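S.K.: got a structure for you, letters missing:
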């Protein structure tokens, strides 16, 4: 969104989202064939559509925000992802999170915030951060948390495979993106930019391939471990990616940034240790229905 091609910058984030989704559908079709899975929808179409809607607009807000805020500010915004995921989990799936999960989320969020605010995090020049850009980040956080929560719900309620979800959700995302491009008369200019600006097509292809690989790991982690673990992993990735850039480009790191990193990894280490020690217990669980609770009490009384 900031790279110049023949002196011009491509500004249509929805078109980039559509290209990413086309690549994902192609990969899903191939993988479903290789794994000999069914091409039929394993869940109601409207449920796929809900995930698709949230995903398309979350991705669009993410790309669009790069026009108005710097890379460190966007990374800072993403560090708050654990909280929206937990709130959506409570609202949609009726989950109950223990104090341990809330403390870990707070520790990771504070650690990432300290890391990003107490030292240099980007060497490139960005223009000032606008309220509009920050607003886009807030919308992205809300919709991204909703997306992973709905994906987790699909896996649990309908036993869908990750490739089945990737196929249907991305097909619907293509339709939503195409409708947006056509209705706003931006499809033609986007295609014209693609065909007339050297190097743009290559960058779009690389971006789309990266997005496909990212989707595979995202869906795999949501399927195996849930939306909250995914949010935690994303926070660690953000810190590590900046840390690697520091090492690669010889930037210095401040003492406060080191303490922020320590806080992040201490919080995650604590969560891992408690998970081992409290294996029989669930820190994240669905509430028992009144009927089940009554049966349990009745059985206990008989004993």
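M.R.: Everything's here; your move. Just so it is clear, the structure is predicted and the values come from calculations on it, not from any experiment.

S.K.: C-alpha only now, for contacts and for neighbours.
M.R.: Fine.

S.K.: gap between residue 47 and residue 231?
M.R.: The gap separating residue 47 from residue 231 is 22 Å, by CA to CA, to the nearest Å.

S.K.: equivalent analysis for residue 29, please.
M.R.: Here the criterion is CA to CA. By it, residue 29 lies 27 Å from residue 231.

S.K.: of those two, who's got more company?
M.R.: Ranked by neighbour count (other CA atoms under 10 Å), residue 29 and residue 231 place residue 231 first, with 27 against 16.

S.K.: doesn't residue 85 make contact with that one?
M.R.: Yes: taking CA atoms under 8 Å as the definition, residue 231 is a contact partner of residue 85 at 7.3 Å.

S.K.: remind me which residues of the stretch 101-250 of the chain are low pLDDT?
M.R.: By pLDDT under 70, the low-scoring segments of the stretch 101-250 of the chain are 116, 119-130, 235, 238-239, 241-243, 245-246, 248-250.

S.K.: hey, where'd the helices end up in it?
M.R.: In the stretch 101-250 of the chain, the segments counted as helices under DSSP state H, counting those that start in this stretch are 131-158, 162-183, 187-196, 200-225, 227-249.

S.K.: the first one packs against which elements?
M.R.: Read that as helix 131-158. Using 3 or more CA pairs under 8 Å, 6 or more residues apart in numbering; DSSP states H and E as the contact test, the elements touching helix 131-158 are helix 45-65, helix 71-78, helix 82-93, helix 200-225, helix 227-249.

S.K.: residue 153 is in contact with residue 93, correct?
M.R.: Yes: the pair residue 93 / residue 153 is scored as a contact, 7.3 Å apart, by CA under 8 Å.

S.K.: which residue is the nearest non-sequential neighbour of residue 197?
M.R.: In space, residue 197 comes closest to residue 5 once its chain neighbours are excluded; the distance is 5.9 Å by CA to CA, 6 or more residues apart in numbering.

S.K.: tell me who's in contact with the one you found.
M.R.: The contact partners of residue 5, taken as CA atoms under 8 Å, 6 or more residues apart in numbering, are 197-200.

S.K.: is it in a bridge, and if so with what?
M.R.: Using DSSP bridges, the bridge partners assigned to residue 5 are residue 8.

S.K.: and the pLDDT at it?
M.R.: Residue 5 carries a pLDDT value of 85.

S.K.: if I look at it, how far off is residue 177?
M.R.: Applying CA to CA, the value for residue 5 to residue 177 is 23 Å.

S.K.: again with residue 100
M.R.: Applying CA to CA, the value for residue 100 to residue 177 is 40 Å.
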